[in-house]
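>>> Mind looking at a prediction? Sequence and model below.
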Protein chains: 4
Amino acid sequence: MSILQKAILLIHCPDQTGIIASVTNFIKENKGNITYLEQHVDAEENIFFMRVEWELLDFIIPIEKVDEVFSEEIAIKFRMKWKIYLLTERPKMAVFVSKLPHCLYDILSRYCSGEWNVEIPIIISNHEEINVIANRFGIKFHFIPITQENKYSQEIKTLKLLEENKIDFVVLARYMQIINKHFTDKFPERIINIHHSFLPAFPGAKPYHSAHKRGVKIIGATSHFVTNELDEGPIIEQDVVSVSHLDSINDMIRKGRDLEKIVLARAIYKYLDRKILVYKNKSIIFN
Amino acid sequence: MSILQKAILLIHCPDQTGIIASVTNFIKENKGNITYLEQHVDAEENIFFMRVEWELLDFIIPIEKVDEVFSEEIAIKFRMKWKIYLLTERPKMAVFVSKLPHCLYDILSRYCSGEWNVEIPIIISNHEEINVIANRFGIKFHFIPITQENKYSQEIKTLKLLEENKIDFVVLARYMQIINKHFTDKFPERIINIHHSFLPAFPGAKPYHSAHKRGVKIIGATSHFVTNELDEGPIIEQDVVSVSHLDSINDMIRKGRDLEKIVLARAIYKYLDRKILVYKNKSIIFN
Amino acid sequence: MSILQKAILLIHCPDQTGIIASVTNFIKENKGNITYLEQHVDAEENIFFMRVEWELLDFIIPIEKVDEVFSEEIAIKFRMKWKIYLLTERPKMAVFVSKLPHCLYDILSRYCSGEWNVEIPIIISNHEEINVIANRFGIKFHFIPITQENKYSQEIKTLKLLEENKIDFVVLARYMQIINKHFTDKFPERIINIHHSFLPAFPGAKPYHSAHKRGVKIIGATSHFVTNELDEGPIIEQDVVSVSHLDSINDMIRKGRDLEKIVLARAIYKYLDRKILVYKNKSIIFN
Amino acid sequence: MSILQKAILLIHCPDQTGIIASVTNFIKENKGNITYLEQHVDAEENIFFMRVEWELLDFIIPIEKVDEVFSEEIAIKFRMKWKIYLLTERPKMAVFVSKLPHCLYDILSRYCSGEWNVEIPIIISNHEEINVIANRFGIKFHFIPITQENKYSQEIKTLKLLEENKIDFVVLARYMQIINKHFTDKFPERIINIHHSFLPAFPGAKPYHSAHKRGVKIIGATSHFVTNELDEGPIIEQDVVSVSHLDSINDMIRKGRDLEKIVLARAIYKYLDRKILVYKNKSIIFN
């Protein structure tokens, strides 16, 4: 992932002529050099989507003014929903995990190898033994056990932790607790989950058991944003692997683990690269 | 597919020691040469499954006696469910199709190229225009339109046609009619359907529309045996293809077509090669 | 594939600021509505690539003048290599085939089902028996046998046939003859071949035999433009399928057939949709 | 992976009638219960291959005598090449790695999560900084720098280390040194490498650079046993991932990393499960 001085603009708005010309003129006149532009129109919804990436080196609008100027000169006219990201910033990510550590290990390995432009200030788990792994990689760990009784208060405590650590987004790396609305509302399109099935097949708990029972020949994993509808949020990434009658539930779980960690990592990478735009519970994933 | 003088034995029975030794001794003592044996035990169900293939060249039991002898000497003792197929016979397959011809074309192309050890005496459709395609390949065509009123009587008529043509099994090559119980009961594990989604995601009608609405990143196709539960029969073969936000419903339909024809063809091939054994609504697919 | 009144512009040129703005302004000012734009810069080569699609409905430049106007107003300034295609035209495709008919059958099935915006005036083969298939689908057939002695003259004869039939591009649907330079030079980036391996592994003849000998676990197929270097032309599309030690060479050939026809069909589809741009022996495939 | 008291027998020998019956009788008569048997005949080579797995619970031949008894009663008669493995033993694996740590991290994560029935006594690297990772997971580390001058003597030193630690097999987890014959001869079919391309495409160094240059649409990874022919050893596992013209060499390297670690892990898993049998430089991989 490039960490040059780049800006990324994500837009959607009602389709109309002249949007691309206006935006690219705006960047050009302010001495930005466009390095990537991808655009398309959803013909059914009549909505225009665009992602533009440009170099900030000679850009004449000061970074802190970009939002204001773009809004006034371009966005309002076209009734855009938009956001400008600067790739110079390292977003802060919190990892939530329950018992199974394979996704956590994969995330931390990438983190320590410098694969991602991200900071991981904290790991949160409802299982104390995850502490060992957090220690191994030198990351602050918080044990936050959840019971039916304490769930709400523990979520409040967790939200406070996220705030203190200035967390930008949360990754549920096989975190087996349903998160309440008051929590998800604070992080709209900023909580990424990995579900261990090819959604919408087998939502909810024990998907490998259901897949085994149904006798499917392929199992999958799905990463998606968390919304208030369980396993119904916008899908970011999916992948599958073949299984056969020879595979027991344990074999499916084993094969699924590899899928889960790769699919989750791809989603995180795309999130960090600002390639995801959500519209009506669906993800546009730019190239 | 080999069409040598071969016999294929499919077995399942409660697991117990000595099954393999007994069966392989039986074949050996009768001068059969085993060319392939695959076996496994479902540890959860404690059921033994096996497929054995042997050459009939020097086999000393006459073909018409094999069933009787095997039953008495081996099968009864182990309480086997079993079937012996002779690859010398060309099974007779009927193709049912509605409006979309891509699977039909694919089947007929393979048929005329000699890819499969099968005969196709008839094509049946509720759409008259399919006649053109049947003619192209010189196959007998029956136009059997279906309405709510005539459905039962047309199914009776169809069953009669299948009987007259000595049809062994039926392939629903995008046949968009639900088949009633009195019909499916006549062809248990002998009607193969192609469903245009990755089951159990998106059963029923218009799966591409549902997939598009849900924003999945992968679509699939599933071939399965038809039972009385719609889209719930034993799965034979599945495959998937990637889609993105750029794919309209029509793009999904286009990409899905290629998947459907390949997945259906693979299922037919495995059926013809006697590699499928059904147990408790799941398919064991031997290698 | 949409066959609305659309224009498609493919461009590559040295990267410089203002290209996108200029092109999109040009289209906008002439009342074209852009429905799709994809653009990227090859940072290593410093080359700008773009594909733009727009509706011609209200476009004020007459179709026969578009090339001239675009050249003068835009293309020359940026030193562009470019081409404007009008999706209103049905390109004319010739199919060359040798003995194995699976790709031919697949192409003709799609053609007769109306999957593609193309015309197929002629099929050419060095095997007389292909005539049966051409007849089945009502396409004109030419038997052009090739020997070492007659090769050059037969190629001349073939070129004449292509000219008479106003052929735009040629598809080698498992055509097992090497084509000479004087022929390929007449159809630069307009001859599409399907090679039955994952290139650059196993170029040349008998790739399945080589793959079997090497013990690979995956086999592939590759569609590419034909150049004067055998199996070295720009790759358009590739796909793979798993194989195992159980697969004989014949099994590989069988599995490969399905791959070949799908990979070739995808390449033809992309060609017809004007999504391919060749630069330095590599294909840019737009989405 | 099951760690019950099980024995696994791998066999190959010239095909002849009665092999399966003899082997399964032998196991049955000695009170072993067969839980899995897979067998096939390579019809071209006329070689018989089999893997049998049975429970040792009531097996009446003492473990230390099994080899001797099997050899006398069965193996000699059929001129078998064979080996009996006991799943009760934890094999000892050494990991060699150079600079890139993703495969190492993946292996250690699985190891610490208890995914594999293996011990990892030592990690060896020609890069000192790998020490940090070994420490993180509490594994003994040896820094063995390699130059043209010291290569042979360092290999001798390494072999001594492997002997002292009773290493059963070696995994090259992106180890970028060619290993000499005197070393590989000591570990026949016991050194597993991961090559970062779809072999035989792009052997040797810098395969991603070559793949990028050739413009392939798919890249792959290959795990194989190391022999004296560079990148020519028996292939164990391969997988691929799609790339496009948008992917720079760095993008290919990034996508390839995920492929490499998964493909290597699958190969190690199959090795530990004794599912690999090598015959004439090709791997038979049992299910």
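Arrived safely, thanks for sending.
>>> Now do the domain split for chain A, please.
What the record gives for chain A is the domain set A:3-86, A:92-285, from automatic domain parsing.
>>> Out of those domains, which one sits most buried?
domain A:92-285 (a mean of 19; mean count of other Cβ atoms under 10 Å in any protein chain shown). Where C-beta positions appear, they are placed from N, C-alpha and C, glycine not excepted.
>>> Tell me how far that one lies from the chain's centre.
On the basis of Cα atoms, centre = their mean, to the nearest Å, domain A:92-285 sits 10 Å off its chain's mean C-alpha point.
>>> Looking at it now, give me its mean pLDDT.
Mean pLDDT, computed over domain A:92-285, is 96.
>>> quick one on the thing from earlier: to chain C, which of the domains of chain A lies closest?
When the domains of chain A are compared by Cβ to the nearest Cβ, domain A:3-86 sits nearest chain C, at 4.1 Å.
>>> Which parts of chain A are strands?
Under the criterion DSSP state E, chain A carries strands at the ranges A:6-14, A:33-42, A:47-55, A:81-86, A:92-97, A:119-125, A:140-143, A:169-172, A:191-195, A:218-225, A:235-242, A:276-279, A:282-285.
>>> Mind checking these for the one nearest to C:Leu100?
Closest of the strands of chain A to C:Leu100 is strand A:235-242, at 27.7 Å (criterion: Cβ to Cβ).
>>> so does the closest one get close to chain D?
No: Strand A:235-242 stays clear of chain D (Cβ under 8 Å from any Cβ of the partner chain), getting no nearer than 9.7 Å.
>>> That strand and chain B, any residue contact?
Yes: contact of strand A:235-242 with chain B (Cβ under 8 Å from any Cβ) involves A:Ile235, A:Ile236, A:Glu237, A:Gln238, A:Asp239, A:Val240.
>>> Now the first one: closest residue in space that isn't a chain neighbour?
With Cβ to Cβ, 6 or more residues apart in numbering or on different chains as the measure, A:His224 is the residue that lies nearest to A:Ile235, at 4.8 Å, once sequence neighbours are left out.
>>> Thought A:Leu264 was touching the one you found, still the case?
No: if you go by Cβ atoms under 8 Å, A:His224 and A:Leu264 don't touch, sitting 10.3 Å apart.
>>> anything in contact with each of those two?
Listed contacts common to A:His224 and A:Leu264 are A:Ile192; contacts here mean Cβ atoms under 8 Å, 6 or more residues apart in numbering or on different chains.
>>> Which pLDDT does the model give the closest residue to chain B within the stretch 1-150 of chain A?
Closest to chain B within the stretch 1-150 of chain A is A:His40: 6.0 Å, counting by Cβ to the nearest Cβ. According to the prediction, A:His40 has pLDDT 84.
>>> if I pick it, what's in contact with it?
A:His40 neighbours (Cβ under 8 Å, 6+ apart): A:Phe49, B:His245, B:Leu246, C:Tyr36, C:Leu37, C:Glu38.
>>> ok, now which ones touch the third one?
Contacts were defined as Cβ under 8 Å, 6+ apart; by that measure B:Leu246 touches A:His40, C:Asn287.
>>> Also the fourth one?
C:Tyr36 sits next to A:Gln39, A:His40, A:Val41, C:Arg51, C:Val52, C:Glu53 when contact means Cβ under 8 Å, 6+ apart.
>>> Nearest to chain D, out of those residues: which one, please.
Out of those, the member with the shortest distance to chain D (by Cβ to the nearest Cβ) is C:Arg51, at 11.6 Å.
>>> separation between the closest one and A:Ser22?
C:Arg51 is 20 Å from A:Ser22, where distance means Cβ to Cβ, to the nearest Å.
>>> what does A:Ala7 give?
Per Cβ to Cβ, A:Ala7 is found 17 Å from A:Ser22.
>>> Also A:Leu87?
Going from A:Leu87 to A:Ser22 by Cβ to Cβ gives 23 Å.
>>> What of A:Val240?
Distance of A:Val240 to A:Ser22, given as Cβ to Cβ: 41 Å.
>>> Within range of chain C, give me the residues from the stretch 101-250 of chain A.
Residues of the stretch 101-250 of chain A lying near chain C (Cβ under 8 Å from any Cβ): A:Ser242.
>>> For the stretch 151-287 of chain A, which residues are neighbours of chain D?
Contact residues, the stretch 151-287 of chain A versus chain D (Cβ under 8 Å from any Cβ): A:Ser244, A:Leu246, A:Arg254, A:Arg257, A:Asp258, A:Ile262, A:Ala265, A:Arg266, A:Asn287.
>>> Distance to B:Gln148 added to the residues you listed, as CSV?
Below are those laid out as CSV (distance: Cβ to Cβ, whole Å):
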residue, distance to B:Gln148
A:Ser244, 41
A:Leu246, 44
A:Arg254, 49
A:Arg257, 49
A:Asp258, 49
A:Ile262, 49
A:Ala265, 52
A:Arg266, 48
A:Asn287, 48
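>>> Of those, which pair is most distant in space?
The two members of these with the most space between them (Cβ to Cβ) are A:Leu246 and A:Asn287, at 37.4 Å.
>>> Can I get the contacts of C:Tyr36 in JSON lines including distance to B:Ile61?
Shown next, in JSON lines, are the contacts of C:Tyr36 (distance: Cβ to Cβ, whole Å):
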{"residue": "A:Gln39", "distance to B:Ile61": "72"}
{"residue": "A:His40", "distance to B:Ile61": "67"}
{"residue": "A:Val41", "distance to B:Ile61": "70"}
{"residue": "C:Arg51", "distance to B:Ile61": "68"}
{"residue": "C:Val52", "distance to B:Ile61": "73"}
{"residue": "C:Glu53", "distance to B:Ile61": "69"}
